[in-house]
Structure formats: C-alpha cells, structure tokens
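Quick one, fold the following:
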Amino acid sequence: MTTGPREINVPFRPIPLDVPEGMKPNEFFNSPENLKDLTENNGLLINEEDLLLYRKALGHSNEFDCSIIYNTSQSVLNPLGRAVRRTQLPNNVRKVWNRMNQIIIGFMLEHYPDPKKHLVLAGEASLDATWPITSTGVPSIRMLHNHFIVFNKKELQDSKLADTENPNLTDGGQHSLFAAYMQDVYVEFLSTLDLKILKPVTGEASSLSLTGYPQGLPSWEVIGGIDSLKNIDFWQEYDKILKGFLDFYRTFFAQVSSRNSGVPHNAYFPKEIEKTLLFNNCFLSAAKKVRDKCINDAKYASSIRWQPAFKQLIYRNDEGALIVTISQNSIGNAITELLGVVVNRIPDTQAYEKAEPALIEKLLKLRSRLVEADLGRGIKTDYWD
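The predicted structure follows:
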C-alpha cells in the first residue's frame with residue numbers, strides 16, 4: 001500500500017437555490033433565507049438551544065455525513081456577530097453541544113467498529129469573526145458547526161493520490177513555517193496545560209498509515225476512549241487545547257503586527273505566554289520573518305489571517321484509539337484535508353440517489369437516539385418524516 005494523501009470524488013444532488021444577482025455565494029449562504037432552506041430541506045433535528053442537526057447537502061462522504069450548526073441566523077443578523085468557535089457558546093448551549101457530540105461520535109463508533117475498514121472523524125473548522133466575510137476561504141456558512149464523517153478506507157485506498165503541493169494540504173505555507181521554527185515552543189507551551197484525560201502522542205501513533213496525515217501536529221490520545229467523552233472533564237480539556245491554541249497564535253500574530261507587542265489583552269494563559277513565548281528566540285524570530293515579508297510583499301501581506309483560525313478534530317487512529325489534534329486553518333481547506341483526504345464534490349443526482357437511502361436510514365437512527373436523550377425534536381422534510 002502506498003502512503004499518501006488521497007483525492008476522492010463524492011457525488012451530490014445539485015441544490016435548487018438561486019443566488020440573487022450581485023451577491024457572492026458565501027454572502028447568500030450566510031443569509032437567514034438560506035439557513036431557512038437548510039432547515040426545511042436538510043434539517044434532521046432542532047432544539048431550544050438553536051442547535052440544528054442536518055444532512056450535508058454538499059457532503060464530504062455519502063457513507064455517513066452530518067453536521068450540527070449553532071443556527072443563530074434568525075436572532076443575530078450580523079454574520080460577523082455570530083459564534084464561530086465553541087469557546088463563544090453560552091454555558092447552557094455548550095453543555096447540550098457536548099452531549100450531542102458525545103452521542104454522535106459514539107453512534108459512529110458503534111456502527112463502524114473496525115478501524116481497519118473505516119476512518120471516523122468529528123470536529124470543527126472555524127475562524128475568527130473579524131475576518132471579512134467576502135475574503136477567499138471564508139466558510140460559506142459563517143456560524144459554529146461541527147462535522148461528523150465516516151470514510152470507507154477501501155475506497156480511499158483505491159482512489160488516486162492527491163497532489164502533495166495542494167495548498168490546502170500544505171496549510172498555505174503557514175504549517176511549514178510552524179514546523180521549521182515554532183514546533184518545539186508550541187509543544188512546550190501546550191505542555192503547561194493541566195490535562196489528565198488527554199495524553200500527548202507523537203509520530204505514527206497519531207498519523208494514519210493510509211495517508212500519512214496529520215503531519216507534525218501536536219496530538220493527544222483520549223485515555224478511556226469513548227467512555228471519556230461522557231465525562232465533562234474531557235470537554236473541559238478539549239476546550240483548554242483550543243484556548244491554548246488561540247493564545248499561541250494571537251500572541252504570534254500580535255508580534256507579527258507590532259514588534260514587542262506583549263501579552264494579548266484577552267489571553268487565557270497570560271503567565272504562560274510571558275514565560276514561554278515572549279522569551280523564546282525561535283518564536284520571536286519567526287514573527288520577525290513574517291513581519292519583514294509582509295512589509296516587502298503586498299500579496300503575501302494580503303493573504304495573512306491576522307486572527308487565528310483552526311481545525312480541531314477527534315478521530316480514530318489505525319489501532320482504534322481516539323486522537324485529538326488541532327491545526328492552524330489554511331486557505332479555504334476542508335476539515336478532512338487535515339487527515340490527508342481531499343474531496344471533490346461532483347454534481348451527479350443519479351449516483352447520489354443510489355447512496356441516499358442507506359445514508360438517511362443511519363441519520364434517522366441517530367436522530368432517534370438524540371430525541372430519546374432529550375436533545376431535540378425531529379424535523380419533517382420532503383425526504384423524511
């Protein structure tokens with residue numbers, strides 16, 4: 001078996017939506033009108049916390065694919081004012097969000113128990129709300145949403161190898177900068193977090209033998225597996241990793257923007273930043289390299305994401321362990337590409353309709369389980385009751 005990123009074609013049914021003249025697609029997709037269509041045509045379950053479970057109309061996989069979105073489109077009309085990461089959720093919403101995540105991940109592991117046959121992943125790809133909505137790579141639905149995806153490994157193995165120079169796989173050049181200058185200090189900084197359920201792992205323990213991804217990113221094994229996801233302490237540690245990531249990259253881009261800028265005012269771990277980052281020569285040298293290039297290269301400067309964006313995943317490795325990892329987001333990349341899977345969505349109604357009955361059957365079983373756990377009520381569409 002050749003190891004390397006895979007590129008697969010996934011058929012979908014074209015969405016009968018007309019983008020109004022003069023609007024960019026991602027502007028329209030953030031509108032209350034489009035989110036209403038998302039609920040009515042693809043919605044599976046909704047609850048009082050405005051968490052919507054839905055089928056992915058433009059999916060990553062027709063084996064199993066759904067999302068939860070914190071649908072504030074009716075209550076927050078300003079797209080830049082909506083929650084885009086889990087740390088921005090109200091406490092009552094976060095509690096329900098975590099329970100839904102735990103049940104869905106458990107459902108996937110139950111229905112796909114063999115790590116040799118299926119790649120199981122769940123997680124969020126998010127951005128900071130200060131990013132311009134029309135910028136290249138800004139997600140089409142600008143609200144916090146999680147992905148739950150299963151790939152058939154035999155199909156991945158039989159698919160063609162992806163171009164390793166694809167900017168979505170290389171993280172737009174930012175990952176190489178990170179790997180060359182900041183990997184050690186990043187690991188040192190995150191090691192200051194008080195984690196008991198999440199155990200750091202490296203190398204082959206975290207990467208998939210089929211794709212070789214993720215590459216060089218800090219990763220943690222979930223001690224206790226799926227049972228630990230039923231423990232609120234796990235989700236608090238999962239949040240700590242995100243907070244540590246945000247602190248690291250906020251501090252880095254603050255240094256890029258303004259030399260010797262100090263600890264960001266909204267830091268979660270200010271003492272650790274002062275001690276570990278702002279006295280580290282490699283960290284400050286990397287910031288200088290980026291700053292100098294911004295000053296002399298207008299195109300490069302325009303591409304910089306000054307606020308941190310991230311992909312945070314829970315996935316199953318080759319041995320069946322659950323692994324957590326987090327990465328600086330790239331330029332328009334999908335969450336699957338963090339694991340070396342590039343998805344080409346192909347409009348093909350007939351091919352999609354062959355896979356649709358089995359997909360919907362699983363999604364409706366999942367919906368029943370969430371309803372039984374008092375996590376929402378079902379939605380009727382033209383495709384299901």
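
Could I get the full set of helices for the stretch 101-250 of the chain?
For the stretch 101-250 of the chain, applying DSSP state H, counting those that start in this stretch gives helices covering 153-158, 174-177, 183-190, 232-257.

With respect to Val341, which of those lies nearest?
Among the helices of the stretch 101-250 of the chain, helix 153-158 comes nearest to Val341, with 6.7 Å by C-beta to C-beta. To be clear about C-beta, it is placed using only N, CA and C from the backbone, and glycine gets the same treatment.

Out of the helices of the stretch 101-250 of the chain, indicate the one that is most buried.
Counting by mean count of other C-beta atoms under 10 Å, helix 232-257 has the highest mean neighbour count of those, with a mean of 20.

Tell me where the stretch 251-385 of the chain has strands.
310-316, 322-328, 341-347, 377-378 (DSSP state E, counting those that start in this stretch).

Turn those into TSV, columns for mean pLDDT and distance to Asn91.
Shown next, in TSV, are the strands of the stretch 251-385 of the chain (pLDDT from 0 to 100; distance: least, C-beta to C-beta, whole Å):
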stretch	mean pLDDT	distance to Asn91
strand 310-316	93	19
strand 322-328	91	22
strand 341-347	93	34
strand 377-378	97	22
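
mind putting these in JSON lines, distance to Arg259 included?
Rendered in JSON lines, the data for the strands of the stretch 251-385 of the chain read as follows (distance: least, C-beta to C-beta, whole Å):
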{"stretch": "strand 310-316", "distance to Arg259": "25"}
{"stretch": "strand 322-328", "distance to Arg259": "21"}
{"stretch": "strand 341-347", "distance to Arg259": "38"}
{"stretch": "strand 377-378", "distance to Arg259": "54"}
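
can you tell which of the helices of the stretch 101-250 of the chain is closest to Lys36?
Smallest distance to Lys36 across the helices of the stretch 101-250 of the chain (C-beta to C-beta): 30.0 Å, for helix 232-257.

Give me the angle between that closest one and strand 310-316.
Inter-element angle recorded for helix 232-257 and strand 310-316: 150 degrees (by axes from the mean of the first three to the mean of the last three C-alpha atoms, to 10 degrees).

The helices of the stretch 101-250 of the chain: which one's closest to Thr336?
Taking C-beta to C-beta, helix 153-158 is the member of the helices of the stretch 101-250 of the chain nearest to Thr336, at 10.3 Å.
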